[in-house]
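*Asks:* Okay, structure incoming, though there's no sequence with it:
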């Protein structure tokens, strides 16, 4: 494991995220409250591309099913409910089950961002 | 070979003999396709088509009364075309080294879209239309992921996925039109399950 150059620091502005391909791995890099994060770009639930989602608080919200994961701890924080109306049934617990984000160590040095895969 | 091996390792129906080098996969790997990820996305996608076919059967049966009769045929079009999507993509799943799960429960649990359950107030035809619309919109996102992961890198998978996408986009337009009454260029299919875009991809058309 070694740190790989990803991008220049000014490419990742506050409250934004970008996807980079590092050794065939899609890595999502972003910045919140001045703090950088890096994780695998695949949603742990069904593999959707997280860069298409949005940042909300400390979480990235997946665009496919609305699952929310904390970008610093990787944990699943909020699972969308499908019971939006009284008449709608909730999805089965097995279908809703999800793992956590795969996080990568990240560092910023002299205007450049590096991640460790 | 790494991708081939890992794909078969996760497949409980692994071939007993040695699998020769598959050039069609080697090309994808050289193009930067993450084959394991693609297999997962496709398995989720065809799982959603299969479960949707099942749930649309129930929804169609509940399209009753004067209003229900009016949408029954269009629900049937979507139902059969979703089955066609399953048929169109499953052979590609196996070409890539993937496989359908042996247990259908597992297959349903890893489907890319939620189950399109019949709502409790199904007598209100709009409630059925909302379920149909949500299912189609999820399918568009699901096949959009496959398209994005294969565009310019895996023309064979991309071709099938984009054909499916085109029909899913049409299905979404149908249900939006029915719910919102917005103007639309939609006209009825020539026959049930026509699948104008995936019809040549191994679909099961019943005339």
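*Replies:* Structure received. For clarity, every value in this text was computed on a predicted model and none was experimentally measured.
*Asks:* For chain A, which segments count as strands?
*Replies:* For chain A, strands defined by DSSP state E occupy the ranges A:3-8, A:16-22, A:25-32, A:35-40, A:54-56, A:59-61, A:68-70, A:76-78, A:106-109, A:112-116.
*Asks:* Which residues of chain A lie near chain B?
*Replies:* Within chain A, the positions adjacent to chain B are A:21, A:24, A:26, A:42, A:46-49, A:63-65, A:82, A:85-89, A:91-92, A:94-95, A:97 by CB under 8 Å from any CB of the partner chain. Placement of C-beta: from N, CA and C, glycine included.
*Asks:* Please list only the buried members of these.
*Replies:* A:26, A:42, A:46-49, A:63-65, A:82, A:87-88, A:91, A:95 (16 or more other CB atoms under 10 Å in any protein chain shown).
*Asks:* relative to its centroid, which residue of chain A is most remote?
*Replies:* Relative to the mean C-alpha coordinate of chain A, counting by CA atoms, centre = their mean, the farthest residue is residue A:87 (32.4 Å).
*Asks:* which stretch of helix or strand covers residue B:175?
*Replies:* helix B:155-180 (DSSP states H and E).
*Asks:* quick one: is that helix near chain A?
*Replies:* No. Between helix B:155-180 and chain A, judged by CB under 8 Å from any CB, nothing touches; the nearest distance is 13.9 Å.
*Asks:* Could you verify my assumption that the residue farthest from the centre of chain A touches residue B:118?
*Replies:* No. Applying CB atoms under 8 Å, one finds residue A:87 not in contact with residue B:118, separated by 9.4 Å.
*Asks:* Which ones among the residues of chain A next to chain B lie within helices?
*Replies:* Among the residues of chain A next to chain B, DSSP state H puts A:94, A:95 in helices.
*Asks:* Next, see if stretch B:52-67 gets close to chain A.
*Replies:* No. Stretch B:52-67 lies out of reach of chain A by CB under 8 Å from any CB, never closer than 10.8 Å.
*Asks:* in that stretch, what's buried?
*Replies:* Buried residues in stretch B:52-67 (16+ other CB under 10 Å): B:52, B:53, B:54, B:55, B:56, B:59, B:60, B:62, B:63.
*Asks:* do stretch B:185-200 as well
*Replies:* Buried residues in stretch B:185-200 (16+ other CB under 10 Å): B:189, B:192, B:193, B:194, B:195, B:197, B:198, B:199.
*Asks:* Pull the most distant pair out of these.
*Replies:* The distance between the two most remote of the buried residues of stretch B:185-200 (CB to CB) is 15.7 Å, for B:192 and B:197.
*Asks:* surely residue A:114 meets residue A:107?
*Replies:* Yes. In this structure, residue A:114 is within contact of residue A:107 by CB under 8 Å, at 5.3 Å.
*Asks:* Could you name every residue contacting both of these two?
*Replies:* Listed as contacting both residue A:114 and residue A:107 by CB atoms under 8 Å, 6 or more residues apart in numbering or on different chains are residue A:3.
*Asks:* For those two, work out which one has more neighbours and name it.
*Replies:* residue A:114 (18 against 12; other CB atoms under 10 Å in any protein chain shown).
*Asks:* how about the more buried one, what does it touch?
*Replies:* Neighbouring residues of residue A:114 by CB under 8 Å, 6+ apart: A:3, A:4, A:5, A:6, A:106, A:107, A:108.
*Asks:* Quick check: closest non-adjacent residue to it.
*Replies:* Leaving out its chain neighbours, the residue that sits closest to residue A:114 by CB to CB, 6 or more residues apart in numbering or on different chains is residue A:3, at 4.0 Å.
*Asks:* what's the pLDDT at the one you found?
*Replies:* Note for residue A:3: predicted pLDDT of 94.
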